[in-house]
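Participant: Predicted model and sequence below, questions to follow.
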Amino acid sequence: QVQLVESGGGLVQAGGSLKLSCAASGRTFRSYVMGWFRQAPGKEREFVATIKWNFGSTYYQDSVKGRFTISGDNAKNTVYLQMNSLKPEDTAVYYCAAGAPKTTPWFTSASDYDYWGQGTQVTVSS
């Protein structure tokens, strides 16, 4: 049974940092694409960042470029999202997702992903 378990969320002041982790289990994910999404109250779930685990290549939403870094540790089957210079508008529930290989060059839509974690709350105070 595939499981994605996020951790590392919390409350932080604006300008601070948090590192989210996503532990994956239940299958081999090396050929998969891993992603982070977020959903703020009253808003749709939006793409944040993605990584092609096999190649280490990454892609980010414009609003987080230069502030967030997605990375993966194959040995631990874990994906990370390092978030620096956090802003109040980054407040949301953050979700980890895994997608089987497809022809899509970058997985930026929620429909590209096959498995989801339960989410972890990130709150940035001003």
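Facilitator: Perfect, thanks for sending it. Residues are numbered from 1 along each chain as shown.
Participant: sec struct for T69, please.
Facilitator: Look at T69: counting by DSSP: H, G, I helix; E, B strand; the rest coil, its state is strand.
Participant: Return the residues in contact with the closest residue in space to it that isn't next to it in sequence.
Facilitator: Excluding the flanking residues, the one nearest T69 by C-beta to C-beta, 6 or more residues apart in numbering is Q82, at 4.4 Å. Placement of C-beta: from N, CA and C, glycine included. For Q82, the contact set (C-beta atoms under 8 Å, 6 or more residues apart in numbering) comprises S17, K19, F68, T69, I70, S71.
Participant: which SSE is Q82 in?
Facilitator: strand 78-83 (DSSP states H and E).
Participant: Tell me the buried residues in that strand?
Facilitator: The neighbour-count check on strand 78-83 (16 or more other C-beta atoms under 10 Å) flags T78, V79, Y80, L81, M83 as buried.
Participant: Turn those into a markdown table, columns for distance to Y60 and pLDDT.
Facilitator: Converted to a markdown table, the buried residues of strand 78-83 look like this (distance: C-beta to C-beta, whole Å; pLDDT from 0 to 100):
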| residue | distance to Y60 | pLDDT |
| --- | --- | --- |
| T78 | 19 | 95 |
| V79 | 14 | 96 |
| Y80 | 14 | 97 |
| L81 | 10 | 98 |
| M83 | 11 | 98 |
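Participant: quick check, nearest of these to K52?
Facilitator: V79 (11.3 Å; C-beta to C-beta).
Participant: what bridges to that closest one?
Facilitator: Counting by DSSP bridges, V79 forms beta bridges with C22, G72.
Participant: before we move on, back to that, select only the buried ones of the contacts of Q82 in ChimeraX?
Facilitator: Those of the contacts of Q82 that count as buried under 16+ other C-beta under 10 Å are selected in ChimeraX with:
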select :68,69,70
